[in-house]
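S.K.: Generate a structure from the sequence data that follows.
(4 chains, ligands or ions: 4)
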2 protein chains.
Amino acid sequence: MQLRMTSQRELILRELKKSKKHLTADELYERVKKLMPRISLATVYRNLELLSDVELIRKLEVSGRQKRFDSELEDHDHIYCVQCHCIENLNIGNNTVSLAAGHMKGYTITGRRLEVTGICPRCQRKQIKKDGKHSKGGGTVGCAKKGVLSDEQKEVLVAMKNCDEPCASKDIAAATGLETKQVSCRITALKKKGYVESPVRCKYAITNDGITALNA
Amino acid sequence: MQLRMTSQRELILRELKKSKKHLTADELYERVKKLMPRISLATVYRNLELLSDVELIRKLEVSGRQKRFDSELEDHDHIYCVQCHCIENLNIGNNTVSLAAGHMKGYTITGRRLEVTGICPRCQRKQIKKDGKHSKGGGTVGCAKKGVLSDEQKEVLVAMKNCDEPCASKDIAAATGLETKQVSCRITALKKKGYVESPVRCKYAITNDGITALNA
DNA sequence: TACTAGATGATAACCATTCGCAAGTCAAGC
DNA sequence: GCTTGACTTGCGAATGGTTATCATCTAGTA
Ligand SMILES: [Mn+2]
Ligand SMILES: [Mn+2]
Ligand SMILES: [Zn+2]
Ligand SMILES: [Zn+2]
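M.R.: Ligands and ions are numbered 1, 2, ... in the order given. Here you go, the predicted structure:
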């Protein structure tokens, strides 16, 4: 089977080259759609796969993350930020990873991929700024969590908002008529989302983010 | 928040250690279920994630595949077979990939992942055997494709089976009352699955695999 | 010019993984 | 000892990126 260079295929390839970034299929889809409004996402996926099969582009895949595509064919590696998940090229020189192409444990080597992970300069700055203000705020720095509120969670959050000061789950239970266990469980979920904080053990208060989320 | 060593958690850790393999969450679930039948898959996922957070195990993210987990904590890399997708440990010595832990393009390095891919000895042997018998049979060596047949595909396949010799899509169209276009499209799909072959251009025949699939 | 392999758009299916909830468990504090 | 609630679990539904299917188009080729 041979590939035809269709207009969509060509456009996809051209736009990926033009961007010079490591785009995901849907990011590229958004760009391409502006120039060819009727193109379908499936076509973008299909062609990115096909184009990387014939090595006109390269596919970057990490388990559990979206695939990205790279129009740069020259051999190079990548560095990923563990916080914002941005990707940059990395040229460490192929002498550093010298895998004497050929055999290894009886394997015929077909390729290698080096992936360095770290915290990018941007995220480092963010971290410092955050630490300066208040040393709260766990892991998620650049990675905007979803933060959708279920009706059950809203119920608890509203009750908490009506408290003037930090309250125990028992108080929330009384206010809502729910069982304490349920309340406690929901608070845990809300805390993970950053909508609730615990100024002292067993006392909870709604955060500013929590109020924003309620209004949204 | 601190981790409690629950019985499920302990079992998951123990079974992973015992297997000495690089298991996926569901593979491990199957093993654990034998000893604790009521455990849930979500618990396995949850705990594998948690355990790797606290570095009691390691998470292996392989390009485009299911996550795997490794109880071996010592620093080592892995080699993957591109055909059967098996994984083996690889000790290349940490001098080979020397990333002068510290800074790189302004990043604070937190880790690195080296993925060496190749064809494992087993698959090499299979390949040779296969090539010896008949040089047919495309890519898929160890990776059993799904091969589910839709009713539409079955219709075409049955018609093709009733032909004594290779037939054109036009013949199938006549036999089934379908349009030639539809037939040709379905044949393409069937060919990709290995259920149809084309001895000569524009002539098709059902394969043995195709017959097996029909009976199944 | 007729034929059909290959491509497309639309949409459904897939499937590994995660989330939400209610109920359970157990260490810490009264 | 008893209460409390943070941490867990099982179940089941949801998620979301990716692929598959199918009818229809399109463009090489004979
Ligand atoms: Mn790149
Ligand atoms: Mn290992
Ligand atoms: Zn970053
Ligand atoms: Zn193999």
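S.K.: And for A:Asp70, nearest residue in space, chain neighbours not counted?
M.R.: A:Arg58 (4.4 Å; CB to CB, 6 or more residues apart in numbering or on different chains). Backbone N, C-alpha and C define where each C-beta goes, glycine included.
S.K.: Quick check on that neighbour: phi, psi?
M.R.: Here is the backbone geometry of A:Arg58 (degrees, to the nearest 10): phi -120, psi 150.
S.K.: That one: what's it in contact with?
M.R.: By CB atoms under 8 Å, 6 or more residues apart in numbering or on different chains, the contact set of A:Arg58 is A:52, A:69-73.
S.K.: Then A:Thr110?
M.R.: B:82, B:117-119.
S.K.: mind running it again at 10 Å?
M.R.: A:101, B:80-83, B:116-119 (CB atoms under 10 Å, 6 or more residues apart in numbering or on different chains).
S.K.: list the buried ones in the helix or strand where A:Pro199 lies?
M.R.: Counting by DSSP states H and E, the element that carries A:Pro199 is strand A:196-200. By neighbour count with 16 or more other CB atoms under 10 Å in any protein chain shown, strand A:196-200 contains the buried residues A:196-197.
S.K.: quick one: A:Lys181 is in a helix?
M.R.: Yes. Applying DSSP: H, G, I helix; E, B strand; the rest coil, one finds A:Lys181 inside a helix.
S.K.: if I look at it, how far off is B:Arg46?
M.R.: In this view, A:Lys181 and B:Arg46 are 19 Å apart by CB to CB, to the nearest Å.
S.K.: likewise A:Leu23?
M.R.: With CB to CB as the criterion, A:Leu23 and B:Arg46 are 32 Å apart.
S.K.: these two touch, right, A:Ser150 and A:Tyr195?
M.R.: No. In this structure, A:Ser150 is not within contact of A:Tyr195 by CB atoms under 10 Å, at 11.7 Å.
S.K.: name the helices or strands packed onto the strand holding A:Pro199?
M.R.: helix A:151-161, helix A:180-193, strand A:203-206, helix A:208-215 (3 or more CB pairs under 10 Å, 6 or more residues apart in numbering or on different chains; DSSP states H and E).
S.K.: which stretch among these comes nearest B:Asn208?
M.R.: Minimum separation from B:Asn208 across these (CB to CB) falls at helix A:180-193, 54.1 Å.
S.K.: which outside residues touch the closest one?
M.R.: By CB under 10 Å, 6+ apart, helix A:180-193 touches A:138, A:140, A:145-150, A:152-157, A:159-160, A:168-176, A:178-179, A:195-198, A:202, A:204, A:206-207, A:209-210, A:213, B:1.
S.K.: Give the helix, strand or coil label for the residue of chain A positioned farthest from its centre.
M.R.: Seen from the C-alpha centroid of chain A, the residue lying at the greatest distance (CA atoms, centre = their mean) is A:Ala174, 38.5 Å away. Secondary structure for A:Ala174, judged by three-state DSSP, is helix.
S.K.: That one and DNA strand D: what is the separation?
M.R.: 10 Å (CB to the nearest atom of the strand, to the nearest Å).
S.K.: Residue in chain A with the shortest distance to ligand 4?
M.R.: The nearest approach of chain A to ligand 4 comes at A:Tyr107, 8.5 Å away (CB to the ion).
S.K.: Kindly provide the distance from the closest residue to that residue other than its chain neighbours to A:Met104.
M.R.: Spatial nearest neighbour of A:Tyr107, excluding adjacent residues (CB to CB, 6+ apart): B:Gly118 at 3.6 Å. The gap separating B:Gly118 from A:Met104 is 7 Å, by CB to CB.
S.K.: Could you do A:Arg58 as well?
M.R.: 22 Å.
S.K.: can you list the domain ranges for chain A.
M.R.: Following the assignment in automatic domain parsing, chain A carries domains at A:7-69, A:151-215.
S.K.: Could you confirm whether the longest one reaches DNA strand C?
M.R.: Yes. Using CB under 7 Å from any atom of the strand, a contact is recorded between domain A:151-215 and DNA strand C, made by A:151-153, A:179, A:181-182, A:184-186, A:189.
S.K.: Next, the distance between the ends of that domain.
M.R.: Domain A:151-215 has an end-to-end distance of 13 Å (criterion: CA to CA, to the nearest Å).
S.K.: Chain A against ligand 1: which residues are in contact?
M.R.: A:70, A:72, A:89 (CB under 5 Å from the ion).
S.K.: Next, count neighbours for the last one.
M.R.: So the one you mean is A:Asn89. Using other CB atoms under 10 Å in any protein chain shown, A:Asn89 has 14 neighbouring residues.
S.K.: cool, the one 3 residues further on as well?
M.R.: A:Ile92 sits with 16 neighbouring residues when counted by other CB under 10 Å.
S.K.: I figured it hits B:Leu114, correct?
M.R.: No. In this structure, A:Ile92 is not within contact of B:Leu114 by CB under 10 Å, at 11.4 Å.
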